[in-house]
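# Can you look at this prediction? I've put the sequence above it.
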Amino acid sequence: MNDEYVLYQKMIIQYMNYLPYVNDHSGLLVYLCNKYKCESAIPLFSEDSYKVFLAFEEIIASKSVVDIGNVLGVREQIFQIVWNRLEQYCNLIPDTHGVLRAIRKSLGSSYPRYLYSIADMVWSYSNVDSVDFNYYTKRAILSLILAKVMKKFRNDYSFKYSETKDFLRDQLESVVFIGILKKRLKSFLK
């Protein structure tokens, strides 16, 4: 990794840490870009904070890559990837709850698109390749699960976020159950 990229990552992480405490997000961004000598990033992020949040998600993704191999089933792979992302939030940002609330608030109607982008990243890091209709369906379903899990996570103060961890498992389990019902219905109709 080159030095410029490391500074860029630091700048994004610092931005996310300040996010819940400032009103002028664009001013904060310009200040941090100058501080970390990442002035080239200013035009990239000047449109809206959505791009900053996606850049942060890319940093989270790069730090939370897990060697899942082919041993785990799809559900367990997705669980591991999502859970490692949530752990990285906690490692990089002291006020994780505040930052997640600020992201939700500042994105407004773009929040579903943001969740879909995260779902796309999660599926791309899993070992599941699908280029059919399921490609979009899987991402849409995972986006809905992420919305529920992020809401739970923002309000979870249990030890090591055990309530969120159990909730995530339950949500992924319910999706698998829908697939089982669908298969049984198809075989029954034949």
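That came in fine, so what should we check first? Numbering: from 1, shown residues only.

# Helices along the protein, start to end?
3-18, 25-35, 41-45, 49-63, 74-92, 96-107, 111-125, 134-154, 162-189 (DSSP state H).

# could I get those as JSON lines with mean neighbour count and mean pLDDT?
Bear in mind the C-beta positions are built from the backbone N, C-alpha and C, glycine included. JSON lines is the format used below for the helices of the chain (neighbours: other C-beta atoms under 10 Å; pLDDT from 0 to 100):
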{"stretch": "helix 3-18", "mean neighbour count": "17", "mean pLDDT": "82"}
{"stretch": "helix 25-35", "mean neighbour count": "16", "mean pLDDT": "79"}
{"stretch": "helix 41-45", "mean neighbour count": "16", "mean pLDDT": "67"}
{"stretch": "helix 49-63", "mean neighbour count": "19", "mean pLDDT": "80"}
{"stretch": "helix 74-92", "mean neighbour count": "18", "mean pLDDT": "87"}
{"stretch": "helix 96-107", "mean neighbour count": "18", "mean pLDDT": "86"}
{"stretch": "helix 111-125", "mean neighbour count": "18", "mean pLDDT": "89"}
{"stretch": "helix 134-154", "mean neighbour count": "17", "mean pLDDT": "90"}
{"stretch": "helix 162-189", "mean neighbour count": "12", "mean pLDDT": "81"}
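
# Backbone dihedrals for Tyr157, both of them.
With angles defined as degrees, to the nearest 10, Tyr157 sits at phi -120, psi 20.

# show me what contacts the residue most central in space within the chain?
Nearest to the mean C-alpha position of the chain, by C-alpha atoms, centre = their mean, lies Ile118 at 4.3 Å. By C-beta atoms under 8 Å, 6 or more residues apart in numbering, Ile118 lies in contact with 57, 85, 143, 146.

# Can you tell me the closest non-neighbouring residue to the last one?
Counting by C-beta to C-beta, 6 or more residues apart in numbering, Leu115 is the residue found nearest to Leu146 once chain neighbours are left out, at 4.9 Å.

# What residues does that neighbour make contact with?
The contact partners of Leu115, taken as C-beta under 8 Å, 6+ apart, are 143, 146-147, 150.

# got these as a markdown table, with distance to Asn17 columns?
Below are the contacts of Leu115 laid out as a markdown table (distance: C-beta to C-beta, whole Å):
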| residue | distance to Asn17 |
| --- | --- |
| Ser143 | 26 |
| Leu146 | 22 |
| Ala147 | 23 |
| Met150 | 18 |
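
# now, among the residues you listed, which is nearest to Leu28?
Using C-beta to C-beta, Met150 comes nearest to Leu28 of the contacts of Leu115, at 22.6 Å.

# quick one: contacts for the residue lying closest to Arg139 once chain neighbours are set aside?
Excluding the flanking residues, the one nearest Arg139 by C-beta to C-beta, 6+ apart is Ala119, at 4.5 Å. By C-beta under 8 Å, 6+ apart, the contact list for Ala119 reads 138-140, 142-143, 146.
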